[in-house]
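**Student:** Structure for the following, please:
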Amino acid sequence: MKNSMLMSSLAIAIVLGGVTQGVAGSGKGHGPHHSFEELDANGDGQISREEMAGHMQKRFEGADANGDGNLTRDELVEKIKERKAKKAEKYADHMIEKHDANGDGVLSTEEMTAKRDGRLEKMFAKVDADENGTISAEEFEAMKKHHGKKGHKKDKADSE
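**Tutor:** From the prediction side, this is the model:
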């Protein structure tokens, strides 16, 4: 019983996850994003419950590799791998676009470290409280405590 409930929950998460994020998403976040046009199957400028249900059914059927109307663990794993692979590809494209200074489509050590070196200097300036050019164990622990209070997302946004 627990397994069937878990499988049903995971199936719903796969089917609903991309749709809701596609409707409400900002272009960032997890899962695939769907345009309004994709969801508005009849092109009338409105998304009905039937269109949403049809879209979700297509997503379910896309994950149901053997077509038996059920999602097995292996089918779920495969769908998750596909989504992660697409996300990794987008991230790699983003990294090249952001850091490829000479436009050759590859990242050199110099291109990858250029921005990092500036962030490293800022980080050292914040953490090296006694300004001796090194970080002591005490300074490191203070940084960890401070980092934990601020939260990862905010720190990440500060560093970009």
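**Student:** ok, longest helix in the protein?
**Tutor:** Criterion DSSP state H: the longest helix present in the chain is helix 73-99.
**Student:** Buried residues in that helix, which are they?
**Tutor:** 75-76, 79, 83, 99 (16 or more other C-beta atoms under 10 Å). For the C-beta atoms, the positions are set from N, CA and C on the backbone; glycine is no exception.
**Student:** could the residues you listed be laid out in TSV, adding pLDDT and distance to residue 114?
**Tutor:** Below are the buried residues of helix 73-99 laid out as TSV (pLDDT from 0 to 100; distance: C-beta to C-beta, whole Å):
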residue	pLDDT	distance to residue 114
75	94	43
76	92	41
79	91	38
83	90	31
99	88	8
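**Student:** With distance to residue 50 added, can I get the residues you listed in a markdown table?
**Tutor:** Listed next are the buried residues of helix 73-99 as a markdown table, based on distance: C-beta to C-beta, whole Å:
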| residue | distance to residue 50 |
| --- | --- |
| 75 | 25 |
| 76 | 26 |
| 79 | 24 |
| 83 | 26 |
| 99 | 45 |
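**Student:** Out of those residues, which is nearest to residue 63?
**Tutor:** residue 79 (4.4 Å; C-beta to C-beta).
**Student:** tell me what the helix or strand hosting residue 53 is packed against?
**Tutor:** Assigned by DSSP states H and E, residue 53 falls within helix 49-63. Helices and strands touching helix 49-63, by 3 or more C-beta pairs under 8 Å, 6 or more residues apart in numbering; DSSP states H and E, are helix 2-24, helix 36-39, helix 73-99.
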